[in-house]
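Visitor: with the sequence up front, the predicted model follows.
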Amino acid sequence: MPVPVLISRGWPLLALAGLVSLAPDAHAQRVSARDKVKVDALQQRMTAAEKRYSDALLLVANADPKGSNEADAALEDMEDVISECVKQKGCQMSNMLATYKRLLKRDADAAASDEVADEGGDRLEADPDHVGPLTADVPEAARAAALLNDKRHAFDNMVEYNPAVQAGIRRWLTDMRPALLTSYENYQNLRAVMWPEWEKRGLPEALLFGIMAKESNGRVHASSRAGAAGLMQFMPATGRRFGLGPDGTGFDTRFDARSAAEASASYLNERLRELNNNVEMSVAAYNGGEGRAARVFKQSGGQSFWTDSVYNQFPGETKDYVPMVIAAAWIFLHPQQYGVEFPKISAQPATLRLAKSTTIYELTICLGSHGTRDGYMRVLRNLNPRYEADGWIPAGTLINATTRIAGLYQRNCVSGPRADLARTLITADLNAAIKRPTAASYTGSVAVGGVVPLADPDAASNVSTAPVAPVATPRPAPKAKPAKTYKVGKGDTLGRIAAKFQCEVPALARANGLKAPGYNLRPGQVLKLQGCDK
């Protein structure tokens, strides 16, 4: 963590004491109405400078290079106010210095807590300085600062940082770097609904990110051939144990981000209690089965996952899974150490009422990609998992979004050229591109046996007078033979008749006015064998 700006800049304490000693004399003087106005203005300037300094610290925590300069400028504002307070009748220096001292104490406490945390901590105990659950009015910079700092040292001491984890970090930083950045961006847009479920159950955010990155890359609709589904890849049976599955409307709540976060936190806490708070063994259980993990843990007397006799009892997939989850979590907490610049995402939650019917595909087109690398389709899909990307959503529907998406929607999707373009593209019919020329447009070529376009009449004067081969006259198309018929016998079905005469059932049904799905026939009925080969 950077050295707190106020401490690194710091006023000499003797100077502060000297200024305080001047306060009683200034306050003892009689205060006029004009002086009172000036004193109030100074107090407002001090309050504004304090807010400016606090905002700058958030930039510093978010590794923004503008943060340090902003903090210095805010402190200079405070110093100017204090200097003017010394000269101003009725200005109570103790009130002005209280702001400065408050900031100084906060920075000193932050530095001290970092030093204590570096010495170690208990597994899964709550961080006393943790940031509470997100709300819609928390600034993005504050969320980013909390993301980078929350439970950092606690998690560092929960797991082993060993060569297997280092190999996992190497993979995430090389060929899997795009997947890591995509996972982070997807998580940021879901964080407001997922992280509170883990936080209130005392679990570290880094582990949530690590599991989600490895399981699904943050894609809500991810599913596996084995039947696992959703962000956290719950199998059907395990999902049912923790309240996930079909909800009666045709939707599987394994695809709901909040429900999946709640269920995964409850599942992991259950494993941690069973496995003596061993994170690696609990993560192994998440992937390789809780029964296997419990049996191995008990047989080994509670030894580490990395002990060979324990490690070798897990399948290869789990041996890969555990260090990869921890590696993703580690990078999540220490991005600067590894040269990782996670994208800055504006993900303040919002809802959006649709002004007209639309699809997620159409919204993706009209919203554009301002502020994001890949556009907003994945965000909309993740925040609204009940809707298919190409399914029409009725006007007036309230969907989940972010404040940025809501702003872009009003600007680009309600009306105007972008909205019109999106509707044109989303309703474009591929078949309309296929040209079907009329018979009069082309004629046969005797020379090559193909077709050539008719001559341009405006180019007649350029036509050579040399003799040309006669053009073959097209033969008239043969008249269609009347369709054969068949009298329905006892026990006949439309399917059997179609198979016998090599017909397509739908075509045969249409030719005879038969309705699906029954295709009811009666003995003696005469069918037209339209389109049949026999």
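Guide: Arrived safely, thanks for sending.

Visitor: next, count neighbours for the nearest residue to A355 once chain neighbours are set aside.
Guide: Counting by C-beta to C-beta, 6 or more residues apart in numbering, the nearest residue to A355 once its immediate chain neighbours are dropped is V414, at 4.8 Å. Backbone N, C-alpha and C define where each C-beta goes, glycine included. Applying other C-beta atoms under 10 Å, we find 13 residues neighbouring V414.

Visitor: is it true that L333 touches D156?
Guide: Yes. The pair L333 / D156 is scored as a contact, 7.4 Å apart, by C-beta atoms under 8 Å.

Visitor: for V31, give its distance to K89.
Guide: 6 Å (C-beta to C-beta, to the nearest Å).

Visitor: now do the residue nearest to A355 against A213, distance only.
Guide: 36 Å.

Visitor: phi and psi next, for F305.
Guide: With angles defined as degrees, to the nearest 10, F305 sits at phi -60, psi -30.

Visitor: give me the number of residues near it?
Guide: Using other C-beta under 10 Å, F305 has 26 neighbouring residues.

Visitor: list the contacts of it.
Guide: By C-beta atoms under 8 Å, 6 or more residues apart in numbering, the contact set of F305 is 278, 280-281, 284, 311, 322.

Visitor: and it, what pLDDT?
Guide: Per-residue pLDDT puts F305 at 97.

Visitor: ok, L508 next?
Guide: 81.

Visitor: and the one 5 residues further on, by the same measure?
Guide: G513 is assigned a predicted lDDT (pLDDT) of 85.

Visitor: assign a three-state SS to it, would you?
Guide: coil (DSSP: H, G, I helix; E, B strand; the rest coil).

Visitor: now swap in the one 10 residues further on and tell me
Guide: For P523, the reduced secondary structure class is coil; criterion used: three-state DSSP.

Visitor: verify the contact between L521 and G495 for me.
Guide: No. Using C-beta under 8 Å, L521 is not in contact with G495, being 10.5 Å away.

Visitor: who has more neighbours, the two?
Guide: When L521 and G495 are compared for neighbours, L521 comes out ahead with 18 against 12, by other C-beta under 10 Å.

Visitor: OK, contacts around the more buried one?
Guide: Residues in contact with L521 (C-beta under 8 Å, 6+ apart) are 488, 492-494, 514, 527.

Visitor: ok, now with 10 Å
Guide: 488-489, 491-494, 496-497, 512, 514, 527 (C-beta atoms under 10 Å, 6 or more residues apart in numbering).

Visitor: list buried residues within these.
Guide: Buried positions within the contacts of L521, assessed by neighbour count (16 or more other C-beta atoms under 10 Å), are 488, 492, 494, 497, 512, 514, 527.

Visitor: just to revisit the earlier point, find the residues that touch each one of V31 and K89.
Guide: Common neighbours of V31 and K89 (C-beta under 10 Å, 6+ apart) are 38-39.

Visitor: show me the residue at the heart of this protein, geometrically.
Guide: Centroid check for the chain by C-alpha atoms, centre = their mean gives N186 as the closest residue, at 2.3 Å.

Visitor: pLDDT value on that one, please?
Guide: Reported pLDDT for N186: 95.

Visitor: give the contact list for it.
Guide: 212-213, 216-220, 231, 257, 345, 374, 378-379, 381-382.

Visitor: quick revisit: farthest pair in the contacts of F305?
Guide: N278 and Y311 (13.0 Å; C-beta to C-beta).

Visitor: list residues touching both of these two?
Guide: 284, 303-305.

Visitor: before we move on, back to that, got a ChimeraX select line for the buried ones in the contacts of N186?
Guide: A single ChimeraX command selects the buried members of the contacts of N186 (16+ other C-beta under 10 Å):
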select :212,213,216,217,218,219,220,231,257,345,378,379,381,382
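
Visitor: for the contacts of N186, which one is nearest D533?
Guide: R381 (45.9 Å).

Visitor: show me what contacts that closest one?
Guide: 186, 219-221, 255, 360, 364, 387-389.

Visitor: can you pick the most crowded of those residues?
Guide: Going by other C-beta under 10 Å, N186 tops those with 25 neighbours.

Visitor: now name the helix or strand holding that one.
Guide: Using DSSP states H and E, N186 maps to helix 177-199.

Visitor: what's downstream of that helix, the next helix or strand?
Guide: Past helix 177-199, the next helix or strand by DSSP H and E is helix 205-216.

Visitor: what's next to the next helix or strand after that following helix, contact-wise?
Guide: On the C-terminal side of helix 205-216, the nearest following helix or strand under DSSP H and E is helix 236-241. Helix 236-241 has contacts (C-beta under 10 Å, 6+ apart) with 227-230, 232-235, 244-246, 252-254, 259-260, 263, 266-267, 270, 286, 289-290.

Visitor: ok, stretch 33-49 next?
Guide: So stretch 33-49 is contacted by 26, 29, 31-32, 73-82, 84-85, 88-92, 95-100, 103 (C-beta under 10 Å, 6+ apart).

Visitor: in that stretch, what counts as buried?
Guide: Within stretch 33-49, judged by 16+ other C-beta under 10 Å, the buried ones are 38-39, 42-43, 45-46, 49.

Visitor: now, which of these lie within helices?
Guide: Applying DSSP state H to the buried residues of stretch 33-49, the entries found in helices are 38-39, 42-43, 45-46, 49.

Visitor: taking the residues you listed as a set, which two sit the farthest apart in space?
Guide: K38 and A49 (16.6 Å).

Visitor: got the contact list for R273?
Guide: Contacts of R273 by C-beta under 10 Å, 6+ apart are S282.

Visitor: residue numbering should commence at 10 henceforth.
Guide: Done: numbering now begins at 10, and the last item shifts to R282.

Visitor: distance of the spatially closest residue to G311 that is not a sequence neighbour from T327?
Guide: Nearest in space to G311, with sequence neighbours left out and distances taken as C-beta to C-beta, 6+ apart, is N285 at 5.6 Å. As judged by C-beta to C-beta, N285 and T327 stand 19 Å apart.

Visitor: of those two, which one has the most company?
Guide: Using other C-beta under 10 Å, the more surrounded residue of N285 and T327 is T327, with 20 against 11.

Visitor: OK, contacts around the more buried one?
Guide: If you count contacts by C-beta under 10 Å, 6+ apart, T327 has them with 292-298, 301-302, 314, 320.

Visitor: in helices, which of the residues you listed fall?
Guide: Reading helices off those with DSSP H, I get 292-297, 301-302, 320.

Visitor: and the furthest pair within these?
Guide: Among those, the pair separated by the greatest distance (C-beta to C-beta) is Y295 and Y320, at 16.2 Å.

Visitor: so between the two, which is more surrounded?
Guide: Y295 (24 against 18).

Visitor: per-residue pLDDT, the more buried one?
Guide: Taking Y295 on its own, its pLDDT is 96.

Visitor: who's in contact with it?
Guide: Y295 touches 220, 223-224, 241-242, 247, 273, 276-277, 280, 302, 327, 330-331, 334, counting by C-beta under 10 Å, 6+ apart.

Visitor: hmm, back to that, might one say that the residue nearest to A364 is in contact with L376?
Guide: No. Judged on C-beta atoms under 10 Å, V423 makes no contact with L376 at a distance of 11.6 Å.

Visitor: any stretches of this structure with poor pLDDT?
Guide: 10-39, 69-74, 108-162, 448-492, 525-527, 543 (pLDDT under 70).
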